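**Q** model the following, please.
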Amino acid sequence: MGAQHSVEPTGKHWSFLRKDGGDLYIVTRWWDPEERKRRESRAKITPKEAAETSAYLKRRRKLEALSTEIPCFNPDCNRHIRTTPSQKRDFLISFKLKYDKAVLPCCSRECREKLLALLS
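**A** Numbering: from 1, shown residues only. Modelled structure (predicted):
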């Protein structure tokens with residue numbers, strides 16, 4: 001099995017359950033851009049924790065399937081905003097048709113302020 005890393009995942013990461021030699025583990029993988037390789041950490045869990053974690057991961061995947069991502073409209077930012085399809089429709093179509101204004105969603109107040117400064 002891979003080495004244990006103390007580095008915490010940042011950005012996009014994914015988790016899953018693994019059985020290794022009779023022990024149960026929750027494994028978290030993520031991409032480390034500094035070292036340009038995939039990283040992995042794992043923690044031993046009990047069967048009860050495994051059942052709870054499995055149920056949580058299933059719910060999370062179901063919610064992710066019901067949501068979509070739109071990019072932050074600040075051109076200097078690479079982050080995404082998770083929304084529902086109806087919110088996305090409102091941002092990109094409904095507000096324009098209803099108020100004749102375009103909505104440019106940003107991931108944070110700082111990004112919004114930078115975008116407004118670029119537009120003025």
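**Q** what sits up against stretch 49-63?
**A** Residues outside stretch 49-63 that contact it (C-beta atoms under 8 Å, 6 or more residues apart in numbering): 15-17, 24, 26, 45. Where you see a C-beta, it was placed from the backbone N, CA and C, and this is true even at glycine.
**Q** go through that stretch and flag the buried ones.
**A** For stretch 49-63, a neighbour-count test (16 or more other C-beta atoms under 10 Å) marks 50, 53 as buried.
**Q** how far is that stretch from where the chain is centred?
**A** Distance of stretch 49-63 from its chain centroid, counting by C-alpha atoms, centre = their mean, to the nearest Å, is 16 Å.
**Q** filter the contacts of stretch 49-63 down to the buried ones.
**A** Buried by 16+ other C-beta under 10 Å: 15, 17, 24, 26, 45, out of those.
**Q** quick revisit: how about JSON lines for the contacts of stretch 49-63, with distance to Ser94, pLDDT and secondary structure added?
**A** Below are the contacts of stretch 49-63 laid out as JSON lines (distance: C-beta to C-beta, whole Å; pLDDT from 0 to 100; DSSP: H, G, I helix; E, B strand; the rest coil):
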{"residue": "Ser15", "distance to Ser94": "35", "pLDDT": "81", "secondary structure": "strand"}
{"residue": "Phe16", "distance to Ser94": "37", "pLDDT": "80", "secondary structure": "strand"}
{"residue": "Leu17", "distance to Ser94": "41", "pLDDT": "83", "secondary structure": "strand"}
{"residue": "Leu24", "distance to Ser94": "46", "pLDDT": "86", "secondary structure": "strand"}
{"residue": "Ile26", "distance to Ser94": "40", "pLDDT": "84", "secondary structure": "strand"}
{"residue": "Ile45", "distance to Ser94": "44", "pLDDT": "86", "secondary structure": "strand"}
